[in-house]
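Undergrad: turn this into a structure:
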Amino acid sequence: MKKYSELEKNRFKEKLEITFFDNTNDASILLPPMLVQPLIENAIKHGILHLKSKGQITVDFSIQNDILKIVVEDNGVGRSFSSTVGSKNHNSLGLKNIEQRLALLNEKNKTKAHLIEIMDLHHNSTVAGTKVTIQLLVKRAT
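TA: Predicted coordinates for the structure are as follows:
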């Protein structure tokens, strides 16, 4: 995830900033692989790419009541605009894969705690980016 972010930051130069915040203070937390990277990729491809100004993405990790909360937020053009400029033949698998993986985790752990929520951000009634929140039961290395 961080290596991918570095590659994209080098590619976009000063047009892209990606910031990570780890508020967990717990290095033993396990995170399923390839869960967050597709969200960063989507933020760049569908939001930041179409901006005329500098794109900013924040990735925030926090824990509340044994729930790991991961928030990926961008200041891109929003989902509705992105869908109007996207390819009609494009079939995005990133979000579908994440949703399927979370459903499998819920089934395996007999819970409904693993969730994803996607929302458009607004500023003065104008779309101002996208926010994706993933919630997972905390799992630690033993």
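Undergrad: tell me which helix or strand comes right after the helix or strand containing residue 101.
TA: Element membership for residue 101, per DSSP states H and E: helix 94-109. Going down the chain from helix 94-109, the next helix or strand is strand 115-123, by DSSP H and E.
Undergrad: check which helices and strands that following strand is in contact with.
TA: Strand 115-123 is packed against helix 79-85, helix 94-109, strand 126-137, with contacts defined by 3 or more C-beta pairs under 8 Å, 6 or more residues apart in numbering; DSSP states H and E. Every residue, glycine included, has its C-beta placed from N, CA and C.
Undergrad: near residue 39, how many other residues are there?
TA: 26 (other C-beta atoms under 10 Å).
Undergrad: so what's it up against?
TA: 72, 94, 98, 132, 134 (C-beta atoms under 8 Å, 6 or more residues apart in numbering).
Undergrad: and residue 77, by the same measure?
TA: With C-beta under 8 Å, 6+ apart, residue 77 has these contacts: 46-47, 50-51, 127.
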